[in-house]
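> What would the 3D arrangement of this be:
(one chain, ligands or ions: 1)
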Amino acid sequence: MDQMWQVATTAWEPAAIVGNGNKFMIGNGYLGYRGTLDEFTAEDYVAVNLLGLYDQHGDAWREPVNAPNPFFTQVQVAGQPVGVKTTPVLAHRQWLDLKQAVHHRKTTFDVGGAQLTVASARFASGADDHLLAQRVTLTCDQALTITLTSAIDLNVWDINGPHLTPVTTTATGASLQTGEGDTVQIHTHIAGLSGGRQVTTPTLLGTKWTLSLQPGVPVAFEKMALITTSHDVGQPVFPPDYATALQAHSQAWQRRWARSDVVITGDEAAQQALRYSIYQLLLLAPHHLEMSIPARGLSGQTYKGAVFWDTEMFMLPFFNYTDPQVASKLLHYRIKTLPAARAKAQRYGYDGAFYAWESQEDGRDGVSDYNVTDVFSGRPMRTYFGDKQIHISGDIALALWRSYQQTGDEALLTDGAAVIVESAKFYYSYSYWKPDKKRFELLDVLGPDEYHERVNNNAYTNKLAQETAKLALTAMARLATVDPQAYAAVCAQTDYPQWQARIEAFAAQLKVPTPAAKTHLIAQFDDYFGLEDVLVPAVRERLLKPNEYWGGAYGVAADTQVIKQADVVFMLQLFAQDYTIETLAANWRYYEPRTEHGSSLSASVYALLATQIGASDWAYPYFMKSATVDLTGETKQFAGGVYIGGTHPAANAGAWQAVVQGFCGLTDDHGKPQVHARLPQEWTQVSFCLQQRGQWYRALVTQKTATLTPIADPAQEEDHGHA
Ligand code: IFM
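Have a look, this model is predicted:
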């Protein structure tokens, strides 16, 4: 198999269980199945994360629900379990076939001198959201009697569970209920082995066989599982067999890859990492409901399984260009949750819409006032992510508008204009009018750099708030022209005519930090340059404990200019057209050594802005950092005592942006795509497909040339190929 379509490990170490569980994920947007081994249990972080189904257990954080694991497989020899944790391993390989989206493992164990090989494959169907399929083959070099158990394991890994209580169980299925009254159903079907005894313990539902393996003669079984919840409509049915299910699944993924693959010539490491990043995004794309993608994907319950700005600011461009139907679902999730954003604004005493910082299925804010635990005292620390990170509403407004511009999808304007207007109203009501300075200011906020809390006039936030106000005016003017009826409805819904003049004044008179005349530098917030000027290594040396939180009231970075993640640089990358190249470059240079990149969101932003200032060589390491984040697993696993591990879809998408929008310079020129060559030196060519306003193009970028050719939908081409 082509190495560029594969991610593999041949090493088995206990320390890698969590990391491999993330790295070898499979999924289909409806659910995510962690990359664990067949014999693993809850203590090895086995989980089948369901999108959009949440539950609160006791007083703990509300988090997504994990379905039972349908594929627990246990081989025993002479009563002893065979597995990587208990049995000598002679050879081991675990890998993902990225093209087919199938997880594989093959392990040869030394069982009292006999070589027993367990090989398995599994996938989360791309053709049927509810379907998981598994194939297991056992081979031994000698005659050997084994017992084999294949069961549904009801005991899953939860951070704050348990969430599911069995209501009815059989040897092949179960119906379970969450504390909030939702239900989860699981049905399984096995083919290939007959007979067997039923196994029904409080946590295992399945079958056990005693098998006599003959030297070199494989014994195989296939298992399929259907998972549904009370949120679903309709009842899925089992496909006739594994091969049929695999064929439908592979064809669905072939269509996805036809639209979204990016082929890099001249750099295999970059190719593999980027393809893996795209794989991660494809496995998360929700096709079935208006829901968005949680910050840690479907890899677990980190961050309460919540949706952050990560989707709008990082993932959306990928979906807009490769799968606008999915992009529309992501945006309609925010449109749908506008009432919750209004309610949040009201709770804080503001007008308009203040979106949840950690948004769950109905837009409620999962954020806690105490999001971090102090590693010294073990006490929860007061953080202000939910109260003060007001840029979230502007992130959503900007994403809605830019998606509308790019896709030309009028529904985004008719349904989304209220979101933009309500966000503008929120900023107005949050601001202070300074009569002496004759301007509005946004005081007491938290910008993208979370290490500096409760600052005044954060450049990113203010620029975005101003842009939101401008977009509200533009969107409403456009809506009045193209759809007077919808305009009237939004006016009635938002009271826009009463607000228009205030929004205009706010847009014109909000303080937006500007570059200093000589240095071109923009202060991240008021008095930022008055903070201690040290660089990242010096601040790192001050840490007393490795997991210590850098921000908060007395974190090591709080009184210094060291920042967590791209902030001014992000603002400049988003609004590069408003600034000179000197300003873009000077700020990149200044902030780069002062940025810890403590968030996986940071690196791709630095990569993108570097390409915009013609420094693709500066961009390259940041692109690779972003693209390999889930391959190396080298990210923070704890923020001040709270587990934050999992996959990083925003970084995966940032890597895609760095290549497509950065190195290949893809921009949207009033609804028309354009590409510009600015490839890293070693790359000879990049090619990819994109769609804009219903037209598909193939982009071909070399060191010196960049072309776009209109083409038919590459997914349909795939279908014709199969017909
Ligand atoms: O949204 C980010 C935030 O910017 C930094 N901390 C992690 C969040 C989820 O990825």
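
> quick check: mean pLDDT across stretch 417-430?
For stretch 417-430, mean pLDDT rounds to 98.

> Let me see the backbone angles for the residue sitting furthest away from the middle of the chain.
What lies farthest from the middle of the chain is residue 143; by CA atoms, centre = their mean that is 47.1 Å. Main-chain torsions, residue 143, degrees, to the nearest 10: phi -70, psi 130.

> isn't it right next to residue 211, touching?
No. Between residue 143 and residue 211 there is no contact under CB atoms under 8 Å: 11.1 Å. Bear in mind the C-beta positions are built from the backbone N, C-alpha and C, glycine included.

> Poorly predicted segments of the stretch 551-700 of the chain, please.
640-642 (pLDDT under 70).

> which residue sits closest to the closest residue to the ligand within it, ignoring its sequence neighbours?
When scored by CB to the nearest ligand atom, the stretch 551-700 of the chain has residue 599 as its residue closest to the ligand, at 3.9 Å. Of all residues not flanking residue 599 in the chain, residue 565 sits nearest, at 4.0 Å (CB to CB, 6 or more residues apart in numbering).

> So residue 426 lies in a helix, does it not?
Yes. Counting by DSSP: H, G, I helix; E, B strand; the rest coil, residue 426 is located in a helix.

> my guess is it contacts residue 350, does it?
Yes. At 5.6 Å, residue 426 and residue 350 qualify as touching, with contact defined as CB under 8 Å.

> neighbour-wise, which of these two wins?
residue 426 (28 against 18; other CB atoms under 10 Å).

> got a list of what the more buried one touches?
345, 350-354, 390, 393 (CB atoms under 8 Å, 6 or more residues apart in numbering).

> can you rerun that using 6 Å?
345, 350, 352-354, 393 (CB atoms under 6 Å, 6 or more residues apart in numbering).

> Which parts of the stretch 401-550 of the chain are strands?
Ranges of strands in the stretch 401-550 of the chain, per DSSP state E, counting those that start in this stretch, are 432-434, 439-441.

> For the ligand, find the nearest of those strands.
strand 439-441 (23.2 Å).

> what does the closest one contact?
Counting by CB under 6 Å, 6+ apart, 431-434, 457, 506, 509-511 sit against strand 439-441.

> same check, this time on stretch 584-592
520-522, 568-569, 572, 609, 613.

> Among the residues you listed, which ones are in helices?
568-569, 572, 609 (DSSP state H).

> Now those in TSV, please, with extra columns for neighbour count and distance to residue 297.
Converted to TSV, the ones in helices among the contacts of stretch 584-592 look like this (neighbours: other CB atoms under 10 Å; distance: CB to CB, whole Å):
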residue	neighbour count	distance to residue 297
568	30	28
569	27	25
572	29	28
609	29	25
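
> Name the nearest of the residues you listed relative to residue 296.
Among these, residue 569 lies closest to residue 296 (CB to CB), at 23.9 Å.

> how about the residues of the stretch 601-723 of the chain near the ligand?
Contact residues, the stretch 601-723 of the chain versus the ligand (CB under 6 Å from any ligand atom): 601, 650.

> Run through the helices of the stretch 601-723 of the chain in chain order.
602-612, 616-627, 629-632, 649-657, 714-722 (DSSP state H, counting those that start in this stretch).

> need those helices in JSON lines with distance to residue 331, can you?
JSON lines is the format used below for those (distance: least, CB to CB, whole Å):
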{"stretch": "helix 602-612", "distance to residue 331": "21"}
{"stretch": "helix 616-627", "distance to residue 331": "23"}
{"stretch": "helix 629-632", "distance to residue 331": "25"}
{"stretch": "helix 649-657", "distance to residue 331": "15"}
{"stretch": "helix 714-722", "distance to residue 331": "21"}
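
> among the ones you listed, which is nearest residue 41?
helix 629-632 (23.3 Å).

> Need the contact partners of the closest one.
23, 600, 635, 647-648, 651.

> Output it in CSV with nothing but the alpha carbons.
Extracted in CSV, the C-alpha atoms of helix 629-632 (Å, rounded to 0.1, in the frame of the first residue of the first chain):
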residue,chain,number,x,y,z
VAL,A,629,-0.1,17.6,15.6
ASP,A,630,-2.1,14.3,15.8
LEU,A,631,0.7,12.2,14.3
THR,A,632,3.3,13.1,16.8
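
> coming back round to it: check whether the residue of the stretch 551-700 of the chain closest to the ligand really touches residue 566, as I assumed.
No. Judged on CB atoms under 6 Å, residue 599 makes no contact with residue 566 at a distance of 8.5 Å.

> more crowded one of the two?
residue 566 (30 against 23).

> Around residue 527, how many other residues sit close by?
11.

> and this protein, which residues reach the ligand?
295, 303, 308-310, 448, 450, 599, 601, 650.

> Whichever of the residues you listed end up buried, select them in PyMOL.
Here is the PyMOL command that picks out the buried ones among those, judged by 16 or more other CB atoms under 10 Å:
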select buried, resi 295+303+308+309+310+448+450+599+601+650
